[in-house]
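Student: sequence plus predicted model, see below.
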Amino acid sequence: MKLGLIGLPKSGKTTIFNALTRSAAEVTDYDSGKVEPNLAVVDVDDPRVTTLRDMYTPKKTIYATIDFIDFVGVDRGEGKELFSGTAMNLVKSADALAIVVRNFANDLLDSTIDPADPARDAIAVHGELILSDLVLVETRLERIAADHQRGKKTPQSQAEEKVLTILHEALSQEKPLRSIDLTDDQRRIISGFQFLSQKEVLVIVNSSEESYGNSTAALEAIGADFSVIEFAGSFEMELSQLESDEADAFMEDLGISESARSRLTTLAYEALGLISFFTVGPDEVRAWTIHRGDPAVEAARTIHSDLARGFIRAETFSYEALIAAGNEAGVKSAGQFRLEGKEYEVRDGDILNIRFSV
């Protein structure tokens, strides 16, 4: 999974990035002039993988991963492409965008920008995503119209124009494209654009230690439109640099039950409808990520295209059944070991072994 952190300048995106990734990217109260995003790949904290590793003692253990991308600040009201070059390629590849909004007092920022207002800022940044898409759609529609006037009218260009007109109407009404019902053919026609407002959006409220846990009104206002989570950004960035036992003690003092990464991972998986399944054995224990509702053949394709192409059956049992039985022999004795076909809907925590022939 790839998750992009965006927000207004000085909202604390890099602070949150450091808290999530245990990085040490530069954090300043002024514009550093940096234009390239900060990048980090981190393991998903899944204790089930650790337990499976201890049971199977494999040669390799591979956790699911999240790519975090910390983008430069989004300017308000520009009405232009928000990202360019490398950044645009990265943001288009992101599975979801997390808007970081400021919820802490800062004399310099309060006087030069505005006092903190998380709900206002979340709406403002989301509006910039919609505006960026609207500019892109209008530009493309103008080019299609010019081609048609020159006699370059094809079934493909007419189909594209029809879909883009639908999108233009929605964007003009400030509706994100992820809220628009499109057919599979229509989605295929616009797949190359990778519109920003098509992506799932989360909101991270970046609070001070003093305001953390006391922002119910802001969280409720944001939560009416987005999946939202609150972090004590600077505090949790400092925690990320500590050993786990020491960090746990400080977290308890502030009423934080899990690391920032674990909490955001849970929220992102829920918002994107993602689940994990596992493959196990003496060579490798590995977590794989798919969408909830995906069939066994899609899980096989996630592992390798050959497994999907030659799919015969999926040997299946659940993580919970394995823990209850103690080993695979116990799972079989308890009648919890199954053979499933291509259309079997994989469940979170399933352990799969794909039988295939190519």
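Tutor: That came through, no problem.

Student: mean pLDDT per helix and strand in this protein: which one sits at the bottom?
Tutor: Sorting the helices and strands of the chain by mean pLDDT, DSSP states H and E puts helix 85-93 at the bottom, at a mean of 76.

Student: mind listing the helices for the stretch 101-250 of the chain?
Tutor: 107-112, 118-149, 155-172, 184-189, 216-223, 233-239, 244-254 (DSSP state H, counting those that start in this stretch).

Student: these into TSV, with extra columns for mean pLDDT and distance to R313?
Tutor: (Each C-beta comes from the backbone N, C-alpha and C, glycine too.) Compiled in TSV, these are given as follows (pLDDT from 0 to 100; distance: least, C-beta to C-beta, whole Å):
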stretch	mean pLDDT	distance to R313
helix 107-112	83	59
helix 118-149	95	44
helix 155-172	96	40
helix 184-189	95	28
helix 216-223	95	43
helix 233-239	91	45
helix 244-254	81	41
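
Student: deepest in the core, which of those helices is it.
Tutor: Highest mean neighbour count of the helices of the stretch 101-250 of the chain: helix 233-239, a mean of 23 (counted as mean count of other C-beta atoms under 10 Å).

Student: ok, residues contacting that one?
Tutor: Helix 233-239 is contacted from outside by 12, 15-16, 18-19, 27, 104, 206-209, 212, 247, 250-251, 254, 256, 259-260, using C-beta atoms under 8 Å, 6 or more residues apart in numbering.

Student: run the chain-centre distance for that helix.
Tutor: 21 Å (C-alpha atoms, centre = their mean, to the nearest Å).

Student: same question for stretch 186-199.
Tutor: Taking the mean of its C-alpha atoms, stretch 186-199 sits 17 Å from the chain's own mean (C-alpha atoms, centre = their mean).

Student: buried sites along it?
Tutor: Within stretch 186-199, the residues that qualify as buried by neighbour count (16 or more other C-beta atoms under 10 Å) are 186, 189-190, 193, 195-199.

Student: wait, S93 touches L3, no?
Tutor: No - S93 lies out of contact with L3 (C-beta atoms under 8 Å); the separation is 10.9 Å.

Student: so which of these two has more stuff around it?
Tutor: Taking S93 and L3 together and counting by other C-beta atoms under 10 Å, L3 has the greater number of neighbours (20 against 12).

Student: dihedrals phi and psi, that one?
Tutor: phi -130, psi 120 (degrees, to the nearest 10).
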